[in-house]
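Enquirer: Any chance you can model this:
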Amino acid sequence: MLNKHRGELYLVIGAIFFSLNGVIVTLVLDHMTTFRLAQVRALGTFFLLFLITYIQDRNSLKAERREIPTLIFYGVFGYAMVQLGYFIGISRGVPLSLVLIIEFTAPIWIVLWIKFVQKKAVPNGMWGGIALAFIGLIFIARVWDGLTFDLIGMLGALVSAFAIAVYFLVGSKVGEKRSAQSITVWGLGIAGLTWAIFMPVWQFPFEVFTMDMNLQGIFDGTFVPGWVLFAWIIVMGTIVPYLFVINGMLRLTPSKSSVVGMMEPVLAGVFAWVWLAQSWAPIQLSGAAIVLVGIYIADKAKIAVTSDK
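Expert: Purely as a prediction, here's the structure:
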């Protein structure tokens, strides 16, 4: 039973770590910009995971010349562009809730790609599960409480959604010939290089590493050095969940992987409620339940071997 659903289990574990990391990121963002944090996350994770992988199996990092363009494309769009589009959205005044909803349209673009570009069958249960999951996400985000329709910001969020779709589609394809750890190293390395081009490392505010940061919420008044939180973000908030998610992706279809990934905003809300006392309205709790039902329906959908593999 466990082996049969190992892919789903890996994705759920990855979602848990990613969601908890959202709280840690919130604490750190009181002291630095989102762009710089993204840079630290990408570069720090890359160097650490590269060293580990090089020691364990350096041959897995080798890539044939014909693979390089795909790996670069994957790193830029599947890693760096996800965050870039997200930051453009919120920096242009688009409410975070609306950016979130737009980002999680990724399963729709994946399914449409599979259906109309790859010309492969998509089971009806998958469509129903995706529909329910999106309805639940709308309830959780409560987008009707206020929207700012800045065109550039909306397009930025949409870019992030397309990038997430690329992350699942290309990641599944690349994973046919290399390990999850190797994929992650390449993706983060390209993303880190992309960030370094736009934001020179020598201009980085290095004082944040020794700055005392308040844990807030239920731990308010407890301070830890900045490097502790950065270490968490890099190791437990990035390396661990990325490896779980990619291993899960290799065992599931792209469409199912992306739908299971919708657990992340639900879990993020739970962690924010417990740690930071961010309360949920009844409509949001209902939305969380709807998302979980949608995930269950999609997960139970019978997908033929030739559907989107």
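Enquirer: Name the surrounding residues that touch stretch 155-168.
Expert: Stretch 155-168 is contacted from outside by 73-74, 77-79, 81-89, 92, 94, 98-99, 102-107, 109-110, 113, 249, 254, 257-258, 261, using C-beta atoms under 8 Å, 6 or more residues apart in numbering. C-beta coordinates here come from the backbone N, C-alpha and C atoms, glycine included.
Enquirer: What subset of the residues you listed is buried?
Expert: 74, 77-79, 81-89, 92, 94, 98-99, 102-107, 109-110, 113, 249, 254, 257-258, 261 (16 or more other C-beta atoms under 10 Å).
Enquirer: from the residues you listed, which ones fall inside helices?
Expert: Among these, the members found in helices (DSSP state H) are 74, 81-89, 98-99, 102-103, 106-107, 109-110, 249, 254, 257-258.
Enquirer: Please identify the buried residues of the strand or helix carrying Trp273?
Expert: If you go by DSSP states H and E, Trp273 is part of helix 263-276. Within helix 263-276, the residues that qualify as buried by neighbour count (16+ other C-beta under 10 Å) are 263-272, 275-276.
Enquirer: likewise stretch 207-217?
Expert: Neighbour-count burial for stretch 207-217 [16+ other C-beta under 10 Å]: 208, 213, 215-217.
Enquirer: and which of those residues is nearest Ala38?
Expert: Relative to Ala38, the closest of the buried residues of stretch 207-217 is Val208; by C-beta to C-beta it sits at 13.8 Å.
Enquirer: State the distance from the nearest residue to the closest one once chain neighbours are set aside to Ser160.
Expert: Of all residues not flanking Val208 in the chain, Gly226 sits nearest, at 4.9 Å (C-beta to C-beta, 6 or more residues apart in numbering). Gly226 sits 27 Å away from Ser160, going by C-beta to C-beta, to the nearest Å.
Enquirer: ok, back up a step: now do the helix holding Trp273: everything it contacts.
Expert: By C-beta under 8 Å, 6+ apart, helix 263-276 touches 11-12, 15-16, 18-20, 22-23, 26, 100, 104, 136-137, 140-141, 216-219, 278-280, 284, 288, 291-292, 295.
Enquirer: pLDDT weak spots in the stretch 101-250 of the chain?
Expert: In the predicted model of the stretch 101-250 of the chain, residues 146-149 satisfy pLDDT under 70.
Enquirer: repeat that for 90
Expert: Filtered on pLDDT under 90, the stretch 101-250 of the chain yields the residue ranges 101-158, 161, 164-184, 188, 194-205, 237-250.
Enquirer: Tell me where the stretch 101-250 of the chain has helices.
Expert: Here the stretch 101-250 of the chain has its helices, by DSSP state H, counting those that start in this stretch, at 106-112, 124-141, 151-174, 180-198, 226-234, 240-249.
Enquirer: Report the inter-axis angle for the longest one versus helix 180-198.
Expert: Orientation check (axes from the mean of the first three to the mean of the last three C-alpha atoms, to 10 degrees): helix 151-174 against helix 180-198 gives 150 degrees.
Enquirer: what's the angle from helix 151-174 to helix 240-249?
Expert: Going by the same axes, to 10 degrees, helix 151-174 makes 60 degrees with helix 240-249.
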